[in-house]
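J.: Return a 3D structure for these sequence lines:
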Amino acid sequence: MSAGTAFGFTPGSVSGPQLEADPSDEPEVEYLPPDTVVDLAALRAESGIDEVLAKLDQELVGLAPVKTRIAEIAALLLVDRTRAKFGITAPQPTLHMSFTGNPGTGKTTVAMRMADLLHRLGYLRRGHLVAVTRDDLVGEYVGHTAPKTKEVIKRAMGGVLFIDEAYYLYKVENERDYGGESIEILLQVMENNRDDLVVILAGYQDRMDTFFAANPGMQSRVAHHVTFPDYTVPELERIGVLMTKDIGYTFSDEAQDVLTRYLERRVGQPWFANARSVRNAVERARLRQAKRLLETGDAKVDLTALTTIEAADLLASRVFDTAPDEVLTAEEYNVRR
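T.: Here you go, the predicted structure:
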């Protein structure tokens, strides 16, 4: 099987009869003279990568190490493209990645922006994102897995394939599990089609470490291991403020103080999921705010009342049923929900 045609996936392939290209019809490439000075700043502006990086910065609070790695990859691809103008060629860099971190740390959002970035820099044809889990790749009976995996890969070609909780593909306790077949197909495509598909494997750090230890072939094909740290309380506060602003709400001064106290407690409780937990808290505060407004006297309100979350809307949370330094077990947390 030749490189670039693994399992019939050919970059940029089209259906229907094709005429063989006449080499003489191909325009001769003209390279820049060696003494040419190139304006990298102008090329960077022309590529649009700053727009993508700025959007990523707006969408995600913090995550400085993650954003730095993305900027480094963008810089490498831009410099490589510039070197090619002088006739300096190098193998396409391998950009398969591993995103590790807890839920709600922005892994999927970064993957979306990465797909856009790689498309703008000419690395990917389409720049779309296909997000899947084990259920989308692995079949339930013999002969079912290969077609499912190949269909997903076909949809992802030219873009980014994002596999969330990738470690579920491999079940060491079940020798008859079909996940191994999916992994074998992915390995070959990641090698032979790496110039037309970027695969991002995501999940918890410890489980991904175990997955890679059991699958050295996958480990060797992943060039970039990016760790997504948990958000700090100040970062979570900022996320909450931005979320409320996006949906036309604001916190009163008292509510802002309560939000800080809420987050300081919530991060130590079970099922904490970073930005997702903040979003859930905002949604529940909206429910309480709406109920409070309807139960207020004659229920006449102005715009300020309709758009302000007050301290009481947050203080009603079960998170305040515990002492500040009390840590609940998962069972206790569910009982108090």
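J.: For the rest of this, base every contact and every neighbour count on C-alpha atoms.
T.: OK.
J.: who touches the closest residue to Tyr262 other than its chain neighbours in this structure?
T.: With sequence-adjacent residues excluded and distances taken as CA to CA, 6 or more residues apart in numbering, Tyr262 is closest to Val319, at 6.8 Å. Contact analysis of Val319 by CA atoms under 8 Å, 6 or more residues apart in numbering lists 262, 265-266.
J.: ok, now Glu235?
T.: 61-62.
J.: For Val160, grab phi and psi.
T.: Dihedral pair for Val160: phi -120, psi 130, per degrees, to the nearest 10.
J.: make that Asn192, sorry
T.: Phi and psi for Asn192, reported as degrees, to the nearest 10, are phi -80, psi -20.
J.: From Gln92, how far off is it?
T.: The gap separating Asn192 from Gln92 is 12 Å, by CA to CA, to the nearest Å.
J.: okay, those two: which has more neighbours?
T.: Shown here are Asn192 and Gln92; by other CA atoms under 10 Å, Asn192 has more neighbours (20 against 11).
J.: Go through the contacts of Val319 and say which is closest to Phe228.
T.: Of all these, Phe228 sits closest to Arg266, with 19.4 Å by CA to CA.
J.: For the closest one, which non-adjacent residue is closest in space?
T.: Distances taken as CA to CA, 6+ apart place Val319 nearest to Arg266, at 6.5 Å, with adjacent residues excluded.
J.: and that neighbour, that one's in a helix?
T.: Yes - counting by DSSP: H, G, I helix; E, B strand; the rest coil, Val319 is part of a helix.
J.: For it, report the pLDDT, please.
T.: Per-residue confidence (pLDDT) for Val319: 88.
J.: OK, contacts around Gly87?
T.: Gly87 neighbours (CA under 8 Å, 6+ apart): 31-32.
J.: Look at it and give its secondary structure.
T.: Assignment for Gly87 (three-state DSSP): coil.
J.: Kindly report the same for Lys245.
T.: helix.
J.: again, but for Gly297
T.: Classified using three-state DSSP, Gly297 is coil.
J.: Now stretch 169-178: buried residues?
T.: 169-170, 177-178 (16 or more other CA atoms under 10 Å).
J.: Lowest pLDDT pick from those?
T.: Within the buried residues of stretch 169-178, lowest confidence goes to Asp177 (80).
J.: how near is that one to Arg134?
T.: Asp177 sits at a distance of 12 Å from Arg134 (criterion: CA to CA).
J.: and if you look at Ala54?
T.: According to CA to CA, Ala54 stands 32 Å off from Arg134.
J.: Neighbour count for the two, which is higher?
T.: With neighbours defined as other CA under 10 Å, Ala54 and Arg134 compare such that Arg134 has more, 18 against 10.
J.: Just list the residues touching the residue nearest to that one when sequence neighbours are not counted, thanks.
T.: Using CA to CA, 6+ apart and skipping residues adjacent in sequence, the residue nearest Arg134 is Leu169, 5.7 Å away. Each residue near Leu169 by CA under 8 Å, 6+ apart is listed here: 134, 138, 179-180, 182-183.
J.: my hunch is that Leu56 is in a strand, does that hold up?
T.: No - going by three-state DSSP, the assignment for Leu56 is helix, not a strand.
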